[in-house]
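Undergrad: Test case, fold it:
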Amino acid sequence: MKIFCLLLALLGVKPACADEIFSLALPECRAGIERRSTEPGVLLVRTDCDLSMDSLSKLLREGLPIFFAENSPPVNAVGLGRLMNYPQWSLALARAAADSKAWDRRRGRPAKPPRHENQVVTALLNQSAYLGDLRAVFLRYSLKACVAGVEKVLVFRAEDIFRNDLPDSLKLAAGDLLPGDAQVWLTLQPADDEIRGLSLP
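TA: Here you go, the predicted structure:
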């Protein structure tokens, strides 16, 4: 696909694959941010390895100025890919679910049907599992990044998530089932707005 896009560019044809690309070498690997002409308001984070939240913040902090430049299309959403690409955030989600009455850890699903796991995980990521590392990155643009929604939630055994080092404070059993991965989308809204989304008990 990259070769195809390059060939189109050499021929003077503007490719729809990724019209703007920012790439940065991080401690873990090289990662990037891209924008396509078909969806100019959406940025996509691309990484082939797991990133710390420090590295994700660095990528966004250094790459966003390109996409927020004067006369650029307004950005209203950021696709981060899979949550498991950010192990610290994945772990924070599992901890939040274990500590929430909205998640049935024994069955590995929302405690109160018909709530869908996507709804509960979205709410957790916006509340107790929201990591402050992202706040400062977007505040420089007077924006707040909220988790607009998630897809394809994956559930794992607690012993696999915490690698047999179960936190005593959560009183987890090895076989408890907790969410640890999903496809995550951020929406950008004015910083003085409250985070919108499903509230949890």
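
Undergrad: From here on, just use CA atoms for contacts and neighbour counts.
TA: Noted.

Undergrad: Show me what counts as buried in stretch 121-132.
TA: Of the residues in stretch 121-132, 121-127, 129-130 count as buried by neighbour count, 16 or more other C-alpha atoms under 10 Å.

Undergrad: Out of these, list just those in helices.
TA: 121-126 (DSSP state H).

Undergrad: Out of the residues you listed, flag the one nearest to residue 91.
TA: Checking those against residue 91 with C-alpha to C-alpha, the nearest one is residue 125 at 11.2 Å.

Undergrad: list the helices and strands the host helix or strand of residue 43 packs on?
TA: Per DSSP states H and E: residue 43 is located in strand 39-47. On a contact count with 3 or more C-alpha pairs under 8 Å, 6 or more residues apart in numbering; DSSP states H and E, strand 39-47 meets strand 30-36, strand 77-82.

Undergrad: can I get those strands in a markdown table with distance to residue 54 and mean neighbour count?
TA: Shown next, in a markdown table, are those (distance: least, C-alpha to C-alpha, whole Å; neighbours: other C-alpha atoms under 10 Å):
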| stretch | distance to residue 54 | mean neighbour count |
| --- | --- | --- |
| strand 30-36 | 13 | 20 |
| strand 77-82 | 14 | 20 |
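
Undergrad: Now render these as CSV, adding mean pLDDT.
TA: Formatted as CSV, the helices and strands packed on strand 39-47 follow (pLDDT from 0 to 100):
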stretch, mean pLDDT
strand 30-36, 96
strand 77-82, 96
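
Undergrad: So what does residue 178 look like in phi/psi?
TA: phi -130, psi 150 (degrees, to the nearest 10).

Undergrad: what's the straight distance from one end of stretch 33-44 to the other?
TA: 6 Å (C-alpha to C-alpha, to the nearest Å).

Undergrad: next one: that stretch to chain centre, how far?
TA: Its chain's average C-alpha position is 16 Å from that of stretch 33-44, according to C-alpha atoms, centre = their mean, to the nearest Å.

Undergrad: Would you mind measuring from residue 140 to residue 64?
TA: On the measure of C-alpha to C-alpha, residue 140 and residue 64 end up 10 Å apart.
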